[in-house]
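Participant: Here is a sequence with its predicted model. Questions after.
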Amino acid sequence: MPHDKPINKKPNLDEEQTTELLSHPSYEELMQQLTEAEQKVNQYWERILRMQAETDNAARRSERDVANAHKYALEKFALELLPIIDSLDLCVNNEAGNSLIEGVNLTLKMFYAAMEKFGVQQVNPIDQAFDPEFQQAISMQYDPAVAAGKVLSVLQKGYTLNGRLLRPALVVVSKSKE
């Protein structure tokens, strides 16, 4: 069947719309748009990388904080026990009775072993060089038999918890002749 009416394939557009459809951006304009789009993509990519790095750093900090909390959770407990150890040390050094001293010595050894299981170590620097990180000098004395800067006596032992100082040792340090 032949068509009576011719089919109009062109839509009815006014002149402005036709000009708009026929005009294309120039090569320079397209390149500029592409450059701008690439710059935006790069900015977004850098932002994503920074945010990922910040997230990773926060996760590492959080893991370290949790590890430290576990590692040093017994700090207050250990500080409470230190005066007990000091009292036992005084009793042993008094030498009142042989059987009493043996019992206290055995108790003290058990106590030290229990503390070491939880990471509490003694700082007993007798005859060692003075170390201000782990010791506090109470006084200085001249002793011709000992080099200057060595610990002559320990008045009170110091303690560390997993390598971190709980309490410094109180010491008397040798000094040179004036």
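Facilitator: Yes, it's here.
Participant: dump the residue contacts of Leu79.
Facilitator: Leu166, Arg167 (CB atoms under 8 Å, 6 or more residues apart in numbering). Heads up, the C-betas are built off the backbone N, CA and C, glycines and all.
Participant: quick one: secondary structure of it?
Facilitator: Leu79 falls in the helix class when you classify it by DSSP: H, G, I helix; E, B strand; the rest coil.
Participant: again with Gln52
Facilitator: Using three-state DSSP, the secondary structure recorded for Gln52 is helix.
Participant: Distance of it relative to Arg64?
Facilitator: 19 Å (CB to CB, to the nearest Å).
Participant: And Ala113, by the same measure?
Facilitator: For Ala113, the distance to Arg64 equals 30 Å [CB to CB].
Participant: How is this structure divided into domains?
Facilitator: 15-71, 75-175 (automatic domain parsing).
Participant: Now mean pLDDT too, for those domains, in a markdown table please.
Facilitator: Supplementary listing: the domains of the chain in a markdown table, determined by pLDDT from 0 to 100:
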| stretch | mean pLDDT |
| --- | --- |
| domain 15-71 | 88 |
| domain 75-175 | 87 |
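Participant: Please, which helix or strand holds the residue most central in space within the chain?
Facilitator: What sits nearest the mean C-alpha location of the chain, by CA atoms, centre = their mean, is Arg64, with 5.3 Å. Element membership for Arg64 (DSSP states H and E) is helix 27-71.
Participant: Any idea how many residues pack against the closest residue to Tyr72 other than its chain neighbours?
Facilitator: Nearest residue to Tyr72, sequence neighbours excluded (CB to CB, 6 or more residues apart in numbering): Leu161, at 6.2 Å. Counted with other CB atoms under 10 Å, residues neighbouring Leu161 total 21.
Participant: Ok, Gly149 next?
Facilitator: 14.
Participant: For it, list the residues it contacts.
Facilitator: By CB under 8 Å, 6+ apart, the neighbours of Gly149 are Ala129, Phe130, Val173, Ser174.
Participant: Report the buried members of these.
Facilitator: Among those, those classed as buried by 16 or more other CB atoms under 10 Å are Phe130, Val173, Ser174.
Participant: With that, I have no additional questions.
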